[in-house]
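S.K.: below are the sequence and a predicted model for it; my questions follow.
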Amino acid sequence: KKDDVKPSIVPTEPSNLKEPKKPASTLTNDFGTPVADNQNSVTAGPRGPVLLQDHHLLEKLAHFNRERVPERVVHAKGSGAFGTFTVTRAIPELTVAKIFQKEGNQCRMLARFSTVAGEQGFADTVRDPRGFALKFYTEDGNWDMVGNNTPVFFIRDGSKFPDFIHSQKRHGATGRRSNTMQFDFWIHKKEAMHQVLYIFGDRGIPRSFRHMNGYSSHTYSLWNDKGERVYVKWHFHTQQGVQNLTEAEATEIAGKNPDYARMDLYDAIERGENPRWKVSIQVMTPEQAETYHIHPFDITKIWPHKDFPLMEVGEFELNENPKNFFTEIEQAAFEPSNMPRGFGASPDKMLQARIMSYADAHRYRIGANYGQLPVNMPVVPVHNYQQDGFLRYADAGGQPTYEPNSFGGPAADDSLKEPPLPLHGAADRFASYPETDEDYFGQPGALYRIMAPDEQQRVHGNYGRALAPVPKFIQDEYCAMLDKVDPRLGAGVREEIAKAKAEPEAGLEQILHELHTYAAGGDLKVSGELVGE
Ligand code: HEM
């Protein structure tokens, strides 16, 4: 099913700000006392200075100074909505997770989509991966799937994440992003090639959050009541069709409506056009994982569908906008460590880093008791011995404050134990995945070759314009890597670098030309539609 609503970039106004209304309640201070005057501070005489006793003024200004919490260190700009997840195929043979025991089972969920490198006010239409974070409020506790709109990632060792992100964010002196820093990182980390090619392709700028797929990217696992484990990758296929913007379209939208994707998601749900995604898994047995020629836990690689076909297990629909953006989206805390019974990790070493990193980020960003905010609370009760801390709300009453105890406090139940995850090898720092899998360019080559010729041309142009301002030694090294992906790619990008250098404004002119055509009555073109992977 395709969504063919013509994209409008004109910002819309909130629907509750259309008709004038009388005040619905009397203004109060933070503790319920009615406020008689919210326009004039208490002064000493008509011309006098303000008195310290004007608590209303002090409360307002002091609270205002504390309105910001730190933004997410990555994925700062995002949007989200609540929805419903429905199981379309029960998989009790794979997992004990209650949600997957019966076809038709449902749970409420939350999705947050984001860009990665920019800050809160960044334009939505930049070339960047899109975050695809899902929280399922299941009866076994919260299951979070914190993925992206690409099936692979730039790096495969968590220790490189801060370096990678620093290279994508701002230069220490200029305070600006730098193509040189980005490509310098990428010539040193050849495993990034696959993901970078995705990003420089059409899918680097999705038309909206509704028009993109999501992926776990990582390998996770599922385990059943016999203690058997399988490895899985998760796929979320948009039912609106994958649609993308050209750089020209994205550039115009960034100027006219930087919150375009945020508007698109919210307004679509307000109109009742609830976006939907199909949920599928690829399954690999531990025996296959031992021998498969692609390293199964290397997040820079996909599992080809011909070897591991997609199995559809569910679908979700987003049908409820947040009532308050800050409390429900800004304070939403997604964490790959939220894996209820029946779900599990895999030996992917970068997933291990993420299992630590997110909950830690939430404790810093929101506070130790972030789990008690309604958006983060599970639908099942929480019973444990955590106590106190800033803004604690949960009340454990007079239960014992330690475990084990003799007085009926919550106790662990070893019948719920996860089956063991077999691991082998000596503890060491491994520079790479096994020799057989040091293929940085094979899968990017396949990706390049399934692109239509016009997309390949756009990839050359996108790379060329991005590489033009970068020092020559980095250009040369990067183009040599592109040659290994496909000689046509290397040659095409070299050509585009030369063009962009000869006419530094050529990219801009091309953009202006496209915009002219648009202004003259042409439709805003939606380009590069790709279906499936
Ligand atoms: C957000 C760390 C890799 C997807 C974040 C945040 C941190 C982080 C600290 C901010 C969390 C917050 O403040 O709420 C890391 C580390 C990684 C890594 C250390 C590698 C070791 C990945 C990968 C993906 C991903 C591979 C996707 C497959 C996301 C998404 C968000 C996010 C979607 C935003 C979640 C939201 O909407 O709140 N990451 N990340 N990250 N990350 Fe990662």
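M.R.: Thanks, I have the structure now.
S.K.: contacts and neighbour counts: CA atoms only from here.
M.R.: Fine.
S.K.: number of nearby residues for residue 270?
M.R.: Residue neighbour count, defined by other CA atoms under 10 Å, stands at 14 for residue 270.
S.K.: ok, residue 411 next?
M.R.: Residues contacting residue 411 under the criterion other CA under 10 Å number 11.
S.K.: can you classify residue 234 by secondary structure?
M.R.: Recorded secondary structure, residue 234: strand (DSSP: H, G, I helix; E, B strand; the rest coil).
S.K.: residue ranges with poor pLDDT in the protein?
M.R.: 1-7, 434-437, 506-533 (pLDDT under 70).
S.K.: near the ligand, which residues of it are found?
M.R.: If contact is defined as CA under 6 Å from any ligand atom, the residues of the chain in contact with the ligand are 72-75, 112-113, 131-133, 146-148, 153, 158, 161, 216-217, 333-334, 350, 353-354, 357-358, 361-362.
S.K.: just the buried residues of the residues you listed.
M.R.: The neighbour count (16 or more other CA atoms under 10 Å) marks 72, 74-75, 112-113, 131-133, 146-148, 153, 158, 161, 216-217, 333-334, 350, 354, 358, 362 as buried among the residues of the chain next to the ligand.
S.K.: now, the residues of the chain next to the ligand that are in strands?
M.R.: For the residues of the chain next to the ligand, the ones inside strands are 112, 113, 131, 132, 133, 146, 147, 148, with DSSP state E as the criterion.
S.K.: show me where the stretch 51-200 of the chain has strands.
M.R.: Taking DSSP state E, counting those that start in this stretch as the criterion, the stretch 51-200 of the chain contains strands spanning 78-87, 106-115, 130-138, 141-148.
S.K.: residue ranges of the helices in the stretch 401-533 of the chain, please?
M.R.: Using DSSP state H, counting those that start in this stretch, the helices found in the stretch 401-533 of the chain span residues 442-450, 453-467, 472-485, 487-502, 506-519.
S.K.: can I get those in TSV including mean neighbour count?
M.R.: Supplementary listing: the helices of the stretch 401-533 of the chain in TSV, determined by neighbours: other CA atoms under 10 Å:
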stretch	mean neighbour count
helix 442-450	17
helix 453-467	20
helix 472-485	18
helix 487-502	19
helix 506-519	15
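S.K.: take those and write them to JSON lines, including distance to residue 43.
M.R.: Formatted as JSON lines, the helices of the stretch 401-533 of the chain follow (distance: least, CA to CA, whole Å):
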{"stretch": "helix 442-450", "distance to residue 43": "69"}
{"stretch": "helix 453-467", "distance to residue 43": "58"}
{"stretch": "helix 472-485", "distance to residue 43": "64"}
{"stretch": "helix 487-502", "distance to residue 43": "63"}
{"stretch": "helix 506-519", "distance to residue 43": "55"}
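S.K.: looking at those, which is closest to residue 27?
M.R.: helix 506-519 (47.4 Å; CA to CA).
S.K.: for stretch 78-86, which outside residues touch it?
M.R.: The contact list for stretch 78-86 (CA atoms under 8 Å, 6 or more residues apart in numbering) reads 103-115, 120, 136, 262, 265-266, 314-322, 329.
S.K.: got it, and stretch 27-42?
M.R.: Contacts of stretch 27-42 from elsewhere in the structure, counted by CA under 8 Å, 6+ apart, are 26, 50, 51, 53, 54, 56, 57.
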